[in-house]
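> coords please:
(one chain, ligands or ions: 2)
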Amino acid sequence: MALLRRAENNRIAQGSPADHQQENTGTHPQRRRRRGRPQRVNAADRAVAEYHQLLVEEINLEELSRLDPAQQRVRLERVMSHLVSRQGPVLTSRERQTIIRRVVDEALGLGILEPLLADPSVTEIMVNGPDDIYVERSGRLEKLDYGFSSAGQLMQTIDRIVAGVNRRVDESSPMVDARLPTGERVNIIVPPLALDGAAVTIRRFPTPFTLDDLVDKGSFDQATSQLLTACVKARLNVVVSGGTGTGKTTLLNALSGQIPDEERIVTIEDSAELQLQQPHVIRLESRPPNVEGKGQITIRDLVRNSLRMRPDRIIVGEVRGGETLDMLQAMNTGHDGSLVTVHANNTEDAVSRLETLASMSELNMPYQALRDQINSAVDIIVQLTRTADGARRVTEVATVASRGREEFLLRPLMRFEQEPLQSDRVVRGAVRLYEVPAALADRLWLAGNPLPEFVPVEDGAVCRQREVTA
Ligand SMILES: Nc1ncnc2c1ncn2[C@@H]1O[C@H](COP(=O)(O)OP(=O)(O)OP(=O)(O)O)[C@@H](O)[C@H]1O
Ligand SMILES: [Mg+2]
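Ligands and ions are numbered 1, 2, ... in the order given. Alright, predicted model coming up:
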């Protein structure tokens with residue numbers, strides 16, 4: 001039982017709350033140093049560790065394990081309250097509440113990460129060892145002024161995360177991707193690979209953003225939203241491209257919201273993050289090899305399998321290898337309307353990256369044949385970029401205008417044209433919409449989807465230009 005194991009670990013902790021109370025006003029005199037980095041062992045952390053030890057000595061673990069999580073919390077809070085009172089009236093009521101909350105948080109669930117996970121303004125949690133924690137709020141990083149009470153406590157939290165997804169993390173398997181029951185994606189890397197202590201990165205998906213939410217957040221304007229909606233509804237194959245953390249999965253999810261309810265959708269991901277709202281969705285997740293190196297199921301296996309599942313749409317979280325070719329072939333053989341993301345810094349990069357990834361397949365297709373596949377499969381590329389103000393923006397929507405084995409030729413449909421940054425560091429720019437090529441406009445029109453308001457100007461290229469600011 002996890003609690004018993006935790007109790008064992010906690011008995012290793014040293015000191016007592018009495019020592020702590022003498023130290024309450026100062027920092028620990030023997031600040032430890034770890035590989036040149038100071039480790040914060042402050043009085044509050046020590047107190048948490050020490051009360052934690054007292055708590056597990058005091059409670060009946062067998063009995064506690066029979067309670068549900070809410071009752072466990074109430075019981076632990078009550079015991080902690082007694083323990084703190086027993087140590088004398090040294091703490092203010094605020095300090096008392098803080099210490100009770102921290103000790104109980106550590107004893108249950110994901111410890112000090114729990115309140116961060118409950119905070120809707122936090123979009124990412126980054127733990128760099130036990131005493132160095134950052135969170136991202138509104139695109140900006142903030143360092144927390146507290147940490148785990150010890151490296152052991154951090155490892156216990158990690159154990160709880162990976163146990164929930166039937167994975168393990170230790171020296172022989174030091175990197176793990178997992179998912180919390182509430183959907184958050186977690187990456188864990190532990191020593192010896194992580195030099196300064198176990199690193200945990202949790203990406204939160206508070207509530208899936210819709211296209212309108214993203215418009216409200218300034219990621220793109222209403223006209224771009226309308227254009228993207230028309231493309232998804234008309235079953236064009238759309239590739240969402242962007243660097244790490246630029247919002248690819250978020251946009252993919254929002255775009256998928258435009259797929260009609262009556263279609264059968266198969267989603268394929270390494271770690272299931274998409275939260276589709278349609279009633280008819282089959283979610284597939286790849287599987288890493290087991291301890292003996294067996295049993296791996298790749299994205300590629302799943303793409304191939306999905307073709308036999310009568311999908312109306314296939315959505316692949318991200319293509320990273322040979323599965324790209326299977327995906328392109330699927331798009332070219334009747335599975336249109338597919339959505340996929342790829343890691344690339346601009347739209348040209350995205351097509352050449354697709355070419356490189358497709359070439360990783362064991363089929364060894366000549367490059368010209370790959371280009372043929374991409375030219376006929378990919379209709380739209382949506383480029384995401386994180387601008388200097390931390391905002392995630394759609395900076396380009398382009399269509400693949402080249403055909404057959406021609407060199408790639410992209411035509412922009414929309415571009416965010418940024419002005420040079422001023423001293424206030426506010427990102428300003430204009431959304432420029434371009435004329436939709438006739439063949440594409442016909443496909444959209446025939447599918448009954450209105451295009452954004454169309455106001456051609458003299459040079460024939462620019463439809464409209466609007467000022468937007470961050
Ligand atoms: N337009 C947006 N405005 C504000 N926050 C956003 C926006 N898009 C995404 N986010 C937030 O940014 C974080 C990263 O988003 P997301 O996972 O979609 O990026 P990604 O490009 O798929 O990342 P990765 O390359 O790691 O797969 C998430 O916490 C998400 O909620
Ligand atoms: Mg992603």
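> shaky segments in the chain?
When residues are selected by pLDDT under 70, those of the chain lie in 1-42, 88-89, 164, 166, 205-206, 291, 452-470.
> can you list the residues of it near ligand 2?
Contacts of the chain with ligand 2, taken as C-beta under 5 Å from the ion, map to K248, T249. C-beta coordinates here come from the backbone N, C-alpha and C atoms, glycine included.
> surely F220 touches V394?
Yes. Taking contact to mean C-beta atoms under 8 Å, the distance of 4.1 Å between F220 and V394 places them in contact.
> any shared contact partners between the two?
Contact criterion C-beta atoms under 8 Å, 6 or more residues apart in numbering; residues shared by F220 and V394: M414, F416.
> closest residue of the stretch 151-300 of the chain to ligand 2?
The nearest approach of the stretch 151-300 of the chain to ligand 2 comes at T249, 3.4 Å away (C-beta to the ion).
> now do the stretch 301-450 of the chain
E318 (5.8 Å).
> for that residue, which non-adjacent residue is closest in space?
When the adjacent residues along the chain are set aside, E318 lies closest to T341, with 4.8 Å between them (C-beta to C-beta, 6 or more residues apart in numbering).
> where does L363 land in three-state SS?
Reduced to three states with DSSP: H, G, I helix; E, B strand; the rest coil, the structure at L363 is coil.
> surely it touches T324?
No. Contact status for L363 versus T324: not in contact, 11.3 Å apart, counting by C-beta under 8 Å.
> looking at those two, which is more packed in?
T324 (29 against 13; other C-beta atoms under 10 Å).
> what distance do you get for E136 to ligand 2?
15 Å (C-beta to the ion, to the nearest Å).
> okay, and that residue sits in which element?
Per DSSP states H and E: E136 is located in strand 133-137.
> ok, residues contacting that strand?
Residues lying outside strand 133-137 but in contact with it, judged by C-beta under 8 Å, 6+ apart, are 112, 116, 121-128, 141-144, 146-147.
> so of the residues you listed, which ones are in strands?
With DSSP state E as the criterion, strands contain V122, T123, E124, I125, M126, V127, N128, L141, E142, K143 from among these.
> mind listing the residues bridging to R287?
Under DSSP bridges, the beta-bridge partners of R287 are I297.
> tell me the bridge partners for the closest residue to ligand 2 within the stretch 1-150 of the chain.
Residue nearest to ligand 2 within the stretch 1-150 of the chain: E124 (12.2 Å; C-beta to the ion). According to DSSP bridges, the partner residues bridging E124 are E136, R203.
> identify the residues contacting the residue of the stretch 101-250 of the chain at minimum distance from ligand 1.
Ligand 1 sits closest to G247 of the stretch 101-250 of the chain, with a gap of 2.8 Å, by C-beta to the nearest ligand atom. Contacts for G247 were tallied using C-beta under 8 Å, 6+ apart; they are S219, L384, R386, R392.
> swap in L274?
Going by C-beta under 8 Å, 6+ apart, L274 touches T249, L252, N253, S256, T267, R283, I315, G317.
> can you check Y51 too?
When contacts are counted by C-beta under 8 Å, 6+ apart, Y51 is found next to P17, M80, L83, V84, I99, V103.
> now it: which helix or strand?
helix 43-58.
> pull the CA atoms of that helix into PDB?
Coordinates of each C-alpha in helix 43-58 appear next as PDB, following Å, rounded to 0.1, in the frame of the first residue of the first chain:
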ATOM      1  CA  ALA A  43      12.900  26.300   8.500                       C
ATOM      2  CA  ALA A  44       9.400  25.800   7.000                       C
ATOM      3  CA  ASP A  45      10.600  22.900   4.800                       C
ATOM      4  CA  ARG A  46      12.200  21.200   7.800                       C
ATOM      5  CA  ALA A  47       9.000  21.700   9.900                       C
ATOM      6  CA  VAL A  48       6.900  20.200   7.100                       C
ATOM      7  CA  ALA A  49       9.200  17.100   6.900                       C
ATOM      8  CA  GLU A  50       9.200  16.800  10.700                       C
ATOM      9  CA  TYR A  51       5.500  17.100  11.200                       C
ATOM     10  CA  HIS A  52       5.000  14.700   8.300                       C
ATOM     11  CA  GLN A  53       7.000  12.100  10.300                       C
ATOM     12  CA  LEU A  54       5.000  12.800  13.400                       C
ATOM     13  CA  LEU A  55       1.800  12.500  11.500                       C
ATOM     14  CA  VAL A  56       2.600   9.100  10.000                       C
ATOM     15  CA  GLU A  57       3.600   7.800  13.500                       C
ATOM     16  CA  GLU A  58       0.400   9.100  14.900                       C
END
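> list the buried residues in that helix.
43-56 (16 or more other C-beta atoms under 10 Å).
> cool, and stretch 111-131?
Applying a neighbour-count criterion of 16+ other C-beta under 10 Å, the buried positions in stretch 111-131 are 111-114, 116-117, 122-131.
> what do you get for stretch 336-343?
D336, G337, S338, L339, V340, T341, V342, H343.
> nearest to V240, of these?
For the buried residues of stretch 336-343, the minimum distance to V240 (C-beta to C-beta) is 4.4 Å, reached by T341.
> report the contact partners of the closest one.
Shown here is T341, whose contacts under the criterion C-beta under 8 Å, 6+ apart are V239, V240, S241, G242, K248, T249, L252, V316, G317, E318, V319.
> 10 Å - rerun?
Under the criterion of C-beta atoms under 10 Å, 6 or more residues apart in numbering, the neighbours of T341 are 238-242, 246-249, 251-252, 315-320, 350, 382, 384.
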